[in-house]
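# Pasting the sequence and the predicted model now:
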Amino acid sequence: MKLAVAPRVEPHHNRAAFTCGEPTLDAHIRRYASQDMRRRIAQVFVAVAGAPESICGYYSLSAASFSRGDLPSELARRLPRYPVPAAILGRLAVDRVSRG
């Protein structure tokens, strides 16, 4: 089975059929993913296979930054004095049918 990653979750993706076994992750893709993208809190990417509307898995990314003062001194020494950009992997889930 060949997987493809869609640039983001779209209305044609069947979110209601997605189940990974963790209720909070199932609820997020069904109810909150579109809201997070619309409010620019996170970008949600989906992996699809077979039927283009069938979601095999998803993950969300958010942008962040941190300052040197937030880190232990041995790590902070190597970093610049301005805020360092970072990406946060907020959610990661695989549909039960797609596992393995």
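Nice, I can see it.

# Give me the buried positions along stretch 66-78.
Arg68 (16 or more other Cβ atoms under 10 Å). Quick note: C-beta positions are derived from backbone N, CA and C, even for glycine.

# In this structure, what helix or strand scores lowest on average pLDDT?
strand 3-6 (a mean of 67; mean pLDDT, DSSP states H and E).

# just checking, next helix/strand downstream of that strand?
Later in the chain than strand 3-6, the nearest helix or strand by DSSP states H and E is helix 23-27.

# shaky segments in this structure?
1-7 (pLDDT under 70).

# In it, which residue is most central in space?
Closest residue to the average C-alpha location of the chain: Ser60 at 1.3 Å, with Cα atoms, centre = their mean.

# Figure out the helix or strand that it lives in.
Ser60 belongs to strand 55-66, assigned by DSSP H and E.

# which neighbours does that strand have in its sheet, and in what orientation?
Paired strands of strand 55-66, with direction, are strand 43-49 (antiparallel), strand 84-94 (antiparallel) (DSSP bridges).

# out of these, nearest to Pro11?
strand 43-49 (12.0 Å; Cβ to Cβ).

# could you dump the closest one to CSV, C-alpha only?
C-alpha atoms of strand 43-49 as CSV (Å, rounded to 0.1, in the frame of the first residue of the first chain):
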residue,chain,number,x,y,z
GLN,A,43,-1.1,22.9,10.6
VAL,A,44,-2.5,19.4,10.4
PHE,A,45,-1.1,16.9,7.8
VAL,A,46,-2.8,13.6,6.9
ALA,A,47,-1.4,10.4,5.4
VAL,A,48,-3.8,8.8,3.0
ALA,A,49,-3.7,5.5,1.1
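
# circling back: contacting residues for the residue nearest to the centre of the chain?
His28, Ala33, Asp36, Ala42, Gln43, Val44, Phe45, Leu89, Gly90, Arg91, Leu92 (Cβ atoms under 8 Å, 6 or more residues apart in numbering).
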